[in-house]
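Enquirer: what follows is a predicted protein model with its sequence.
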Amino acid sequence: MKTSFNPDEQDRTAAGPALTRRELLCRSGMGFGALGLAGLLADGGWLPATAQAETGYRNPLAPKPPHFAAKAKRVIHLFMNGGPSHVDTFDPKPELARLAGQDLPRPNLRTERKTGAAFPSPFKFQKYGQSGLEVSELFQHTARHADELAVIRSMQADVPNHEPSLLLMNCGESRLVRPSMGSWVTYGLGTENLNLPGFIAMCPGGYPITETQNWQAAFLPGIYQGTHINTQHTKLDKLVANVRNPHLAPDAQRRQLDTLARLNQLHRDQRAGDEALEARIHSFELAYRMQGEAGEAFDVSREPRHVLDAYGPGVQARQILIARRLIERGVRFVQVWHGAGQPWDNHDDLEQNHRNLAGQCDRAIGALLTDLKRLGLLEETLVIWGGEFGRTPTVELPQAGANAGKINGRDHNHWGFTVWMAGGGVKGGQVYGATDEFGFQAVENPVHVHDLHATILHLLGFDHERLTYRYAGRDFRLTDVHGHVVRELIA
Amino acid sequence: MNGRLLTLWCACCLACPVGAAFPVAGRAEQPAATEAEAFFENQVRPLLAKRCYGCHGAETQEGGLRLDSRQHLLAGTEGRPVVIAGQPDQSRLIAAVRRQGELQMPPDDRLPDAEVDALVAWVKLGLPWPQSDRDPPPALSRAERYEQDRLTHWAYQPVLRPPVPADDAAGWAQTPIDRFVLAELRAEGLTPSEPAERRVLIRRATFDLLGLPPTPDEVEAFVNDSSAEAYERVVDRLLASPRYGERWGRHWLDVARYADTKGYAFAQERRYPYSYTYRDYVIQAWNADLPYDRFLLEQLAADLLPLEPNSPRLAALGFLTVGRKFNNRHDDIDDQIDVVCRGLMGLTVCCARCHDHKYDAIPTEDYYSLYGVFASSQEPGDLPLIGRPEEVAGYEKFKQRLDELQRDLDANRAERHAALLDAARRQVAEYLVRATSARPEGLLEKLPFLSLSRDELKPKLVQRWRDYLRQQFRDDHPLWAPLHVTAGLDDAQFAATAAERLRACLERPEGTGDGQLNPLVKQALGGELPATRAELANRLGALFAATYSQWREAGGNDAAREQLSPASRQLLEVLLAAGSPTDVPLSELDGYVTRAERNKLRELQKKIDAHQVNSGGAPPRAMIVRENSQPHDPRVFIRGNQGRPGDAVPRQFLFVLAGPERQPFTQGSGRLELAQAIASEHNPLTRRVLANRIWMHHFGQPLVTTPSDFGTRSEPPRHAALLDYLAWSLAAGDWSLKALHREILLSSVYRQASLPRPDCEARDPENRLFWRMSPRRLEFEALRDALLAVGDQLDTAVGGRPVELFAPPFSRRRSVYGFIDRQDLPNLLRVFDFASPDQSTAQRPQTTVPQQALFLMNSPEVLQRAKALLARPDVAGLTDDDQRIQRLYQVLYGRPASDEEVSVGREFVRAAGDAPELSSWQQYAQLLLLSNEFVFVD
């Protein structure tokens, strides 16, 4: 029998005046018994008063330990939305070159659109590192860290469509409204820096497909939802809402808050012991500090020249560098989306588009891994790279309204694709699983998205079956009733 | 989405596999369970053994009752329970040991009080009994278990008027509510708090009922009103205010998971043009004190009630239709079942979508019974107008443009439709080959006579041909006999046996009647017989296509048809007749268009939808549902998978409420009957759930801690009798919600002070016994509205299209009228714990985080409010600093400032200094808005 995780259990505190500890206990799957019983027994005189529920206030984002000790403390999820082609990046398939332009010897698997003949990768692959990991020229900078990467070549999702696959990858469910992985992790672990949001989703230019659902909290308290940052902007007030007073200098605001604190104290003196009042007083102090901290965290100009150069130019480089700065400051979960819409969705002109897209981020990803190592953060930081699915090894056939009819792109492919992880207790320098000889379908050690989630939670110290939340009469979890931890991926 | 069918499968209560009927006793590993069981072992079991087993044990069972196992105990006697877990007062066993009725046990000696108390506590705890010691795992069948739950779970029992505890000599108790609360307080050795000061009370009641602060004049009037009815008059004034519906309607909108957008809508207009008509309906219903049963009936079945055709009441159906659209009918229906069952009755029926409910008596059959009800209605494309469109300003212009846009869409659809039918008729040969072939698609492509390159065949048309042929296939059919007699033959078998079978057909007399063979068919098959079945189908199809061309060339009209020979006419008829495979109805066009065509159609539709959202001249419409001509006869989907239909089930109500006597619904979809069953005074859940939530909004915490789950795993209410009293009085008072508010607000419980009392806090830290009024923090809407109100800026316009709240120039409408985009819920709403618009929410979480503080400290909107506060004539007009500070305190907090507070204010204003755009007074006004006193209501 399993007991459920209750992130608030260790500190015996409540999340606020309405979401009391009692409720949090109940919703966290502790069952309704624990407290009600204690209360009843105490009321009846059968239990000493000390056994009664203690109340007290604590920020719902305060750090909490997971189920067991784990190396990974934070996550950077580099999301190549639209679906990067695995046979052009981390899963070389020489067989496609041999069959170039011919039908595969077996029927093409059904994907969103019709595909035709074998489409060999236009990119060169090369072995890297001691592990000899094969990576294409698109990710040559990333590949310098080959020995840190665990490349899962046998990923599988359920359907070849963006919307359900994005939701599956982010929330573990294709259609219904469920909390995202980042919100689960923040719910489970809190965050180490209360001056910054615990879960940040950066996306330049707007939203990806399915928009804010990708980082939704659903039925978890709203505070666990990802905070979207449009990294196209460079001005701080455009990046973070209300982070700066347009009229008051910091010292003037400090004076204002000091007076506020005095008045609040007078108010509280007549209402001794009300933790909710205390919590709100405290929140203004946190907010004041957050103004300074956020400004600093998002200001990449504070980095030395050689670091900026290492990440390279452009918005991808800037937001990946911001990701590192956020992680350094203790933000729990950072998602870095490549861009609004679905940039990696190259139904046409795959060669040129993939070259551009990888060109925008590869160098910065390499620099990020270098940096994390240099700062000693890689061990504690789980870096995840991938999209919602991969792409077909066969060329997409022309179809009005679906593509430009150039016959030089690839369709979506959920049957098999690649995700890699690094740092955070991952066993690097390995390839796990394999697709068939053409790269169409995972055939060896398939890893479903649910398995990936189970493994990520494990790396963070959670038993994915015990990280639950009570809602609408039942206990929910990220992996629903699925998911197996892939032990081979863990160092 | 063209993905494979998804199997639904949910993680139901994985963590707690034991304890279905044991709301309190947890798992063995939990200290709670151990303590409960220890309590049972130490206090209860010896008592039962000593006092009861003699007559009700393993040897003898007097009266058919056995008490030496939990199973037997729950089984009761003669089909009636003797205990209801969690409810000692409703348990016959307790009445018997208390010697309250005819039945008195034990028969000879009264039990010592301590033993009675132990039994009461044990029942209250839900009858903990160690698992290992229970009888062999329940031998009850599913039906027996359900029946037992139905008869024993507290929430399913009829709502009866509970006896009101005896009067209180001290005179504190003014109403029955007070007596129930007082009885519980006394039982725990606690006393109620002093009455709140009048200034506190009016502020509390005004925020509570209106979501706004009282004006200084209102406060002073009440403080100075010495009449006995002063408070009652305040309550009545508040209940009559139109602001009341805006406050309490918003609580309801949380339950109704209201939003103004559909959710993710790739190529469609995302906004609902008319969602606001539902929001306005709700506000008006609460303001008008529409009886709650009627309110429910209208929201579930207004279209089936005798209403005027354009009645504004039709907007009530938005309850069913304003949810997220999942682009998947099954999920849309699931959302409706959830909002109806969990939202109105606290039943988690959606847990039974994939399998029987793990804990409650809700079989998966019941889910699909309700599924059938909702699947029998749909949202029509043409929503009915409500009210009089001609009275809407700008209507003519709106209508003109709308008609233009609609014509564009209709023309495009008509064109696409004609092209679809034409292509389908020209390509009969290819479709027939496909439809009659059992071979894998890939091989078919290799047949030399197929030319699929230009227009791809539509899978749905192939299917239509298959369905059609299945109906037509007869040995004696003049057209289809040759295909029929060779059905099922593979190429080798065809080569061996088809010739003989076909010759038999060819020997039939020529003609178009049964038993004859159409002469054109005969001609096509004469000469060399086809070598494969595909070739046979191809020849027949070519015949159809040729006939179609001939007709088209002759004009493609009735006259041209008359010119054809009877044999040709018979062929043509197959292509043109209503219901023929090549006669796709216009209404089904969307399933047959290409991606590019669909994009074009969506674009045109989006223009229409956007026009309705954007044009002020669009008259309001009701987001109704309409019954289908044929109700849907549901089948269980095994594991929730619509690809695996199981047993058929009738459309009917839930067993746990309707009982073994239930009958299937008989009127159409059954939606009206469902509504009546929910809004019935015999439904024990509807009223208990509502009464619990009303109480929760007044006191900050519910009586049943899970306000949307009254199932067997919910914790029984601490104040069961009080809850039943409230639920009972609701129906007794003609379902008037205002009457219920009134009774609660006039109680002494409600009028208590909120100040802390260490002695009570030590015993009941969460104030579950209501020994004081718990202070409460304003929700986002009340906070924002209060900021507007104190600056005299609140725009009290009622109803209408949603307004943008968060972009400058900042709207001054009440927050309830803000635009809610469920797909992109503004960060600010999330940060302030706004109810998720994707799920029915009875109770919002309440968090305290610095992002809330940042909004108040820095947002341009709040700075505007601070400036407006200071610009009030009654503030700005005062030149004396102290007087001005005093006035601000009156406006904001409804009380005078203390000397210390005045001096703090004076000091700040003098020392702060003016910033270029924010004077020191404005800074001071802002910090007063930030204070705890402003956002916490005592």
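Expert: Here it is on my side, so go on.
Enquirer: how about B:Gly670: what's its closest non-neighbour residue?
Expert: If you skip the residues right next to it in sequence, B:Gly670 has B:Arg651 as its closest partner in space, 4.2 Å away by CB to CB, 6 or more residues apart in numbering or on different chains. Glycine gets a C-beta too; all of them are placed from N, C-alpha and C.
Enquirer: domain assignment for the chain?
Expert: Looking at chain A here, since you left the chain open. Taking automatic domain parsing as the domain assignment, the record places the domains of chain A at A:1-63, A:74-235+A:312-489.
Enquirer: my bad, the chain I had in mind was chain B
Expert: Chain B breaks down into these domains under automatic domain parsing: B:31-152, B:244-384+B:633-712, B:427-584.
Enquirer: any idea which of those is most buried?
Expert: Each of the domains of chain B was assessed for mean neighbour count using mean count of other CB atoms under 10 Å in any protein chain shown. The highest is domain B:244-384+B:633-712, with a mean of 21.
Enquirer: can you redo the domains of chain B as JSON lines with mean pLDDT and distance to A:Gly312?
Expert: Listed next are the domains of chain B as JSON lines, based on pLDDT from 0 to 100; distance: least, CB to CB, whole Å:
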{"stretch": "domain B:31-152", "mean pLDDT": "82", "distance to A:Gly312": "56"}
{"stretch": "domain B:244-384+B:633-712", "mean pLDDT": "95", "distance to A:Gly312": "33"}
{"stretch": "domain B:427-584", "mean pLDDT": "85", "distance to A:Gly312": "45"}
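Enquirer: let me have those in TSV, adding distance to A:Pro179 as columns.
Expert: Putting the domains of chain B into TSV (distance: least, CB to CB, whole Å) gives the following:
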stretch	distance to A:Pro179
domain B:31-152	27
domain B:244-384+B:633-712	15
domain B:427-584	37
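Enquirer: who does the host helix or strand of B:Leu657 touch, helix- and strand-wise?
Expert: With the criterion set as DSSP states H and E, the secondary-structure element containing B:Leu657 is helix B:655-658. If you count contacts as 3 or more CB pairs under 8 Å, 6 or more residues apart in numbering or on different chains; DSSP states H and E, helix B:655-658 packs onto helix B:142-152.
Enquirer: kindly recompute the last result at 6 Å.
Expert: Applying 3 or more CB pairs under 6 Å, 6 or more residues apart in numbering or on different chains; DSSP states H and E, one finds that helix B:655-658 makes contact with no other helix or strand.
Enquirer: which residues are contacting the very next helix or strand once past it?
Expert: Using DSSP H and E, the helix or strand that follows helix B:655-658 towards the C-terminus is helix B:671-678. Residues outside helix B:671-678 that contact it (CB atoms under 6 Å, 6 or more residues apart in numbering or on different chains) are B:Leu296, B:Leu297, B:Leu300, B:Ala301, B:Leu304, B:Leu344, B:Val373, B:Phe653, B:Phe665, B:Thr686.
Enquirer: now the end-to-end length of stretch A:71-84.
Expert: The first residue of stretch A:71-84 is 29 Å away from its last residue (CA to CA, to the nearest Å).
Enquirer: ditto for stretch A:164-182
Expert: 18 Å.
Enquirer: quick one: stretch A:399-414 to chain centroid distance?
Expert: What separates the centre of stretch A:399-414 from the centre of its chain is 29 Å, taken as CA atoms, centre = their mean, to the nearest Å.
Enquirer: alpha carbons of that stretch, in CSV - could you do that?
Expert: Output for stretch A:399-414, consisting of C-alpha atoms alone and laid out as CSV, is shown next (Å, rounded to 0.1, in the frame of the first residue of the first chain):
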residue,chain,number,x,y,z
GLN,A,399,-1.4,18.6,-50.5
ALA,A,400,-3.2,21.9,-50.9
GLY,A,401,-3.6,23.8,-47.7
ALA,A,402,-1.2,21.5,-45.9
ASN,A,403,2.1,22.5,-47.4
ALA,A,404,3.6,24.5,-50.2
GLY,A,405,3.9,21.4,-52.4
LYS,A,406,7.7,21.6,-52.6
ILE,A,407,8.2,17.9,-51.6
ASN,A,408,11.2,18.8,-49.4
GLY,A,409,9.8,18.6,-45.9
ARG,A,410,8.8,16.0,-43.4
ASP,A,411,5.5,15.2,-41.6
HIS,A,412,4.9,14.8,-37.9
ASN,A,413,6.0,11.6,-36.4
HIS,A,414,4.8,10.3,-33.0
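Enquirer: ok, now how distant is the residue in the stretch 101-250 of chain A that chain B sits nearest to from A:Gly116?
Expert: The shortest separation between the stretch 101-250 of chain A and chain B is 2.8 Å, found at A:Val159 (distances taken as CB to the nearest CB). For A:Val159, the distance to A:Gly116 equals 21 Å [CB to CB, to the nearest Å].
Enquirer: and the pLDDT for the residue of the stretch 351-491 of chain A found nearest chain B?
Expert: In the stretch 351-491 of chain A, the residue that lies nearest chain B is A:Gly401 (2.8 Å; CB to the nearest CB). pLDDT for A:Gly401: 75.
Enquirer: for A:Lys71, same thing?
Expert: According to the prediction, A:Lys71 has pLDDT 94.
Enquirer: how about it: what's its closest non-neighbour residue?
Expert: By the measure of CB to CB, 6+ apart, the closest residue to A:Lys71 outside its immediate chain neighbours is A:Gly425, 3.3 Å from it.
Enquirer: follow-up on the earlier one: which one of the domains of chain A is the most hemmed in?
Expert: Counting by mean count of other CB under 10 Å, domain A:74-235+A:312-489 has the highest mean neighbour count of these, with a mean of 22.
Enquirer: end-to-end on that one?
Expert: Counting by CA to CA, you get 17 Å between the two ends of domain A:74-235+A:312-489.
Enquirer: if we can go back for a sec, worst mean pLDDT among the domains of chain A?
Expert: Comparing mean pLDDT across those, the weakest is domain A:1-63, with a mean of 38.
Enquirer: ok so A:Thr392 is a strand residue?
Expert: Yes: per DSSP: H, G, I helix; E, B strand; the rest coil, A:Thr392 lies within a strand segment.
Enquirer: do you know how far it is from A:Pro107?
Expert: Looking at A:Thr392 against A:Pro107, where the rule is CB to CB, the gap reads 13 Å.
Enquirer: mind checking the SS state of the closest residue in space to B:Leu210 that isn't next to it in sequence?
Expert: Counting by CB to CB, 6+ apart, the nearest residue to B:Leu210 once its immediate chain neighbours are dropped is B:Arg243, at 4.2 Å. Under three-state DSSP, the three-state class of B:Arg243 is helix.
Enquirer: pull the number of nearby residues for B:Arg243.
Expert: Look at B:Arg243: counted by other CB atoms under 10 Å in any protein chain shown, it has 22 neighbours.
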